[in-house]
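> what follows is a predicted protein model with its sequence.
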Amino acid sequence: EDNFEVGAWFDVQREGKVSYHEAQITELDFESNVKRMKFHFWKLSSDRDEWVDVGCPRIAPHHSYTPRPLDGYKAPKKKNNSDKNKVSNIDKEKCSDTQSPSDASGILPQKRKIDDLPPSNLAEGTTDELKKTLPFPQSTIDYLNKWVTQHAANPFPTTDEKEVITAATGLSKRQVGDWMARARKKLRKKPDQLNKTPAQDNGEP
């Protein structure tokens, strides 16, 4: 229980889903017979919040399964009321983008991830390095490989199918689109790749 507090971030596997999703604790219930925590999933509406029991294997340390942000990202800090009057107007403007979960607005802190940054912000060679250091979870790779195998005759997901894939894997539409493009290119060059086992896949199609 010492590791759990309101505002803490974890990687949490949503109920009935394959991959893990970044989530923040918004409420604790340690008074009941079964101790549990309420998680809010990043970029999802609050009606998808879930209660998860303490000790459940669906909970993992933050970024165990999700990509880490680029170097230079600073996690949101809680405001210190004793120093509130010492902050200048300029400092307040700088801090406005990293609100604490305890702010009156109730808005959860938004984190900039790799997919949200424009290509111009990535140094040459960074993308290839990220592919090696930040592979998709094996469960996500298996799901994508299975989809391509089942739709080999026409591996172009529709808008509705992309929605299903993103919901099941936790990936963004851009990630799904890029992965499918690489899969189609590989299938054109090496059709036998469809027989490739998931264990042989390193995260790229």
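Looks like it came in fine.

> the strands in this protein, which residues?
Applying DSSP state E to the chain gives strands spanning 9-13, 20-29, 36-41, 50-53, 59-61.

> show me what contacts residue 53?
Contacts were defined as CB atoms under 8 Å, 6 or more residues apart in numbering; by that measure residue 53 touches 34, 35, 36. Heads up, the C-betas are built off the backbone N, CA and C, glycines and all.

> let's see it at 10 Å
Each residue near residue 53 by CB atoms under 10 Å, 6 or more residues apart in numbering is listed here: 29, 32, 34, 35, 36, 37, 59.

> run a quick neighbour tally on the last one.
Yep, that's residue 59 we're talking about. Residues near residue 59, counting by other CB atoms under 10 Å, number 21.

> where does this structure dip in pLDDT?
The chain contains residues with pLDDT under 70 at 1-2, 70-135, 191-205.

> which residue ranges of it form helices?
89-95, 126-133, 138-150, 159-169, 173-189 (DSSP state H).

> can I get those helices in a markdown table with mean neighbour count and distance to residue 21?
Written out in a markdown table, the entries for these read as follows (neighbours: other CB atoms under 10 Å; distance: least, CB to CB, whole Å):
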| stretch | mean neighbour count | distance to residue 21 |
| --- | --- | --- |
| helix 89-95 | 10 | 27 |
| helix 126-133 | 11 | 19 |
| helix 138-150 | 18 | 11 |
| helix 159-169 | 15 | 10 |
| helix 173-189 | 15 | 13 |
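
> of these, which is nearest residue 13?
Of all the helices of the chain, it is helix 138-150 that lies closest to residue 13, at 9.0 Å by CB to CB.

> packing partners of that closest one?
Using 3 or more CB pairs under 10 Å, 6 or more residues apart in numbering; DSSP states H and E, the elements in contact with helix 138-150 are helix 159-169, helix 173-189.

> just put the strands of the chain in a markdown table and tack on distance to residue 178.
Output for these, formatted as a markdown table (distance: least, CB to CB, whole Å):
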| stretch | distance to residue 178 |
| --- | --- |
| strand 9-13 | 22 |
| strand 20-29 | 19 |
| strand 36-41 | 22 |
| strand 50-53 | 29 |
| strand 59-61 | 25 |
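
> winner for burial among those strands?
Of all the strands of the chain, strand 9-13 has the most neighbours on average by mean count of other CB atoms under 10 Å, namely a mean of 22.

> count of residues packed around residue 170?
Residue crowding around residue 170 was assessed by other CB under 10 Å; the count is 26.

> tell me if I'm right that it and residue 140 touch.
Yes. Look at residue 170 against residue 140 with CB atoms under 10 Å: they come within range, at 7.3 Å.

> mutual contacts of those two, please.
Applying CB under 10 Å, 6+ apart, one finds that residue 170 and residue 140 are jointly contacted by 18, 19, 20, 65.

> count of neighbours near the second one?
Think residue 19. Taking other CB under 10 Å as the criterion, the count of residues near residue 19 is 20.
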